[in-house]
Every structure is written in structure tokens, then in C-alpha cells.
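Colleague: Any chance you could fold what I've pasted below:
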Amino acid sequence: MDDMGFIFYPRDDPQSIGYSRLDVTLRSRPTEKHFDPEEFRLCVASEGGGIEYLYVNHPWVGGEQYRVCVGHLAFRDRKNKFINAYTFGGDLRIETNKDKTKCVLVSSAPCFRFEGTNTISNLIAQETDILLAKIAPEITSDNMNYEQKISSIEPLLLYGAFLVSIESLYRDFEYPKHDYILNLMHFIKHEKDRLKVTGALLFPIPELVDLLQE
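Modeller: Residues are numbered from 1 along each chain as shown. You can find the predicted model right below:
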């Protein structure tokens, strides 16, 4: 499996959504046997505070350990084809030698791979982006900026806070809900029940604004 260009690892709970780990391998020469990534793009916490966009190529001359931020990630092959995914944060380890650079992203929260349109994964990611854009101007601090706050939160707790916030937003809507909203609400209820039963998170899960203001 190490010869593959990328691997999404399923989560331990078969009823959970998304993946717990992603490996991306960048090589000096393509194998021509599968998708051969040449660049891995994602957002990480910077040492000086805030965030930075990381573009990993082979050979890699940067750091070995990074804190990944919530948001989109992608890897591209030499034919300019992309595999797109979404993460709620995690830890990135980068190992490199003369033949290849291997990126390993591990997270307690699900990592979504985008396949098709209007999937639950796509909807959760889309609503997460909307919440981030809405809340960012409202969060201020003398000691820690918004990006630092987001990246410092444990990924599974952050994921849970997004679920609760999305549920709260659509629960208050008075107009008839479209099918995709009903499906989204059903998933969030099921996912919260699963997290509670498994003991993965303490309840009640705070909404995102409350979590960021702690």
C-alpha cells in the first residue's frame, strides 16, 4: 500500500463518516500505475500566529511537523487532476528522502473526501465554510487571534461544535426545508447520538461561538 499515491484510512467506528488518516506520497518519478501526486496543498498554523498555506512538493525542504487547520485540502498530479478533501484539523508529519516525500495527516475528527455533489460530506464542509466566514469578524482577542483559536481546538471537539451550530441555524428556519436540509439535519442528529453513545465527546457540545470565546 505504501506504493500508492494516496490512501484514505477508514475510521475505527464503521458507522462514522469520513476518514481518520490520509497518506499522500510525492515521488521523484511517477509510477504510471495510479494517481501520482506532485503537490499537496493545505492550510496549517504558522509559528508566528495565524495560518499559512503549505504547498508540499518533492523533494521537501521545510519542516517535519505541522498543526493542520480546518478547511479544504487537495493534491494534484502532473496532468493537473485534483483529489479534493476537507479536514477539521489534525497533525501533519512529513518524511522525505531522495526518492519520495510522504505526508501523513492524522485527526480525531473525520476527514472528508469529495466525491460527487450534494453528499453529506459536501454539505457539512459547505456549511462549515459559511459559519467560519460569518463568525470570523465577531471573534477578537488581545492575546490570541481568530486563526490561532481555531487551530488550537481539538479537532473532534471543533467538528462537534460545527455540527451543533449548523443544527441550531436550520432548526430556527421557519420556511419549508428543502430535502438536502432535512437530510443534513437527520445526519447531524444521528452523528450527535453516535458521539454521545461512544463517549467520544462530552455533552452538551458547545456551539462554535461559545467555544471560541472560552
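
Colleague: Name the spans of this protein whose pLDDT lies under the cut-off.
Modeller: 1-3, 137-145, 173-177, 214 (pLDDT under 70).

Colleague: at 80 what do you get?
Modeller: 1-4, 48-49, 116-118, 136-148, 172-180, 213-214 (pLDDT under 80).

Colleague: can you tell me how far the spatially most central residue of the chain sits from Asn183?
Modeller: The centre of the chain sits closest to Thr87, judged by CA atoms, centre = their mean, with a distance of 0.5 Å. As defined by CB to CB, to the nearest Å, Thr87 lies at a distance of 22 Å from Asn183. Where you see a C-beta, it was placed from the backbone N, CA and C, and this is true even at glycine.

Colleague: domains in this protein, as residue ranges please.
Modeller: By the assignment in automatic domain parsing, the chain contains the domains 6-113, 120-212.

Colleague: Show me the strands in this structure, by range?
Modeller: For the chain, the strands defined by DSSP state E occupy 6-10, 19-27, 37-45, 51-56, 65-68, 71-77, 82-87, 90-96, 100-113.

Colleague: dump the residue contacts of the residue nearest to the centre of the chain.
Modeller: 42, 68, 70-71, 73, 105, 107, 109, 111-112, 155 (CB atoms under 8 Å, 6 or more residues apart in numbering).

Colleague: Derive a PyMOL selection command for the buried subset of those residues.
Modeller: Here is the PyMOL command that selects the buried residues among these (16 or more other CB atoms under 10 Å):
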select buried, resi 42+68+70+71+73+105+107+109+111+112+155
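
Colleague: With distance to Gly48 added, can I get the contacts of Thr87 in JSON lines?
Modeller: What follows is those, written out as JSON lines (distance: CB to CB, whole Å):
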{"residue": "Leu42", "distance to Gly48": "18"}
{"residue": "Val68", "distance to Gly48": "17"}
{"residue": "Val70", "distance to Gly48": "19"}
{"residue": "Gly71", "distance to Gly48": "19"}
{"residue": "Leu73", "distance to Gly48": "22"}
{"residue": "Leu105", "distance to Gly48": "22"}
{"residue": "Ser107", "distance to Gly48": "23"}
{"residue": "Ala109", "distance to Gly48": "25"}
{"residue": "Cys111", "distance to Gly48": "26"}
{"residue": "Phe112", "distance to Gly48": "29"}
{"residue": "Pro155", "distance to Gly48": "22"}
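
Colleague: Between the contacts of Thr87, which sits nearest Lys192?
Modeller: Set against Lys192, the nearest of the contacts of Thr87 by CB to CB is Ala109 (13.9 Å).

Colleague: Tell me where the longest helix sits in this structure.
Modeller: helix 179-198 (DSSP state H).

Colleague: The nearest residue to Ser121 once chain neighbours are set aside pairs with what?
Modeller: Nearest residue to Ser121, sequence neighbours excluded (CB to CB, 6 or more residues apart in numbering): Phe112, at 3.8 Å. In this entry, Phe112 is beta-bridged to Tyr86, by DSSP bridges.
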